[in-house]
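**Student:** structure of the sequence below:
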Amino acid sequence: MLEIEGFDYSLNFKKLADNKIEVNRAYKTERKNITPKEYEDFKKFMSAINEAENTHLLF
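**Tutor:** Presented below is the predicted three-dimensional model:
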């Protein structure tokens, strides 16, 4: 799980069978605006989400 103030992200995988996998993704936000002071942390958070979304699975 990734989180910063007002934002949460999670990405989970569960193998159901040899040829079947379940992917659960959740993104929650409580805020609409990012202040200039918060931008750097938000940028890192979004980069981490992007990296997680580009995960390759081999099974």
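**Student:** low-scoring pLDDT stretches of this structure, where are they?
**Tutor:** Within the chain, the ranges that satisfy pLDDT under 70 run 59.
**Student:** can you give me the strands in it?
**Tutor:** 2-4, 7-17, 20-29 (DSSP state E).
**Student:** dump those to JSON lines, plus distance to Glu53.
**Tutor:** No exception for glycine: its C-beta is placed from N, CA and C like everyone else's. What follows is the strands of the chain, written out as JSON lines (distance: least, Cβ to Cβ, whole Å):
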{"stretch": "strand 2-4", "distance to Glu53": "11"}
{"stretch": "strand 7-17", "distance to Glu53": "7"}
{"stretch": "strand 20-29", "distance to Glu53": "8"}
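**Student:** relative to Lys37, which of those is closest?
**Tutor:** Lys37 lies closest to strand 2-4 among the strands of the chain, at 12.6 Å (Cβ to Cβ).
**Student:** list the contacts of that closest one.
**Tutor:** Here strand 2-4 makes contact (Cβ atoms under 8 Å, 6 or more residues apart in numbering) with Asp8, Tyr9, Ser10, Asp41, Phe42, Phe45, Ala48, Ile49, Ala52.
**Student:** of the strands of the chain, which stretch is the most buried?
**Tutor:** Stretch with highest mean neighbour count among the strands of the chain: strand 2-4 (a mean of 14; mean count of other Cβ atoms under 10 Å).
**Student:** so how far is that one from its chain's centroid?
**Tutor:** 8 Å (Cα atoms, centre = their mean, to the nearest Å).
**Student:** so what are the sheet partners of it and their directions?
**Tutor:** strand 7-17 (antiparallel) (DSSP bridges).
**Student:** pull the distance from the partner strand to the chain's centre.
**Tutor:** That offset, for strand 7-17, works out to 9 Å (Cα atoms, centre = their mean).
**Student:** any idea of the angle it forms with strand 20-29?
**Tutor:** With axes from the mean of the first three to the mean of the last three Cα atoms, to 10 degrees applied, the angle from strand 7-17 to strand 20-29 works out at 170 degrees.
**Student:** use 752 as the first number from now on
**Tutor:** With 752 as the first residue, the last one maps to strand 758-768.
**Student:** residues in contact with strand 758-768?
**Tutor:** 752-754, 772-782, 793, 796, 799-800, 803-804, 806, 808, 810.
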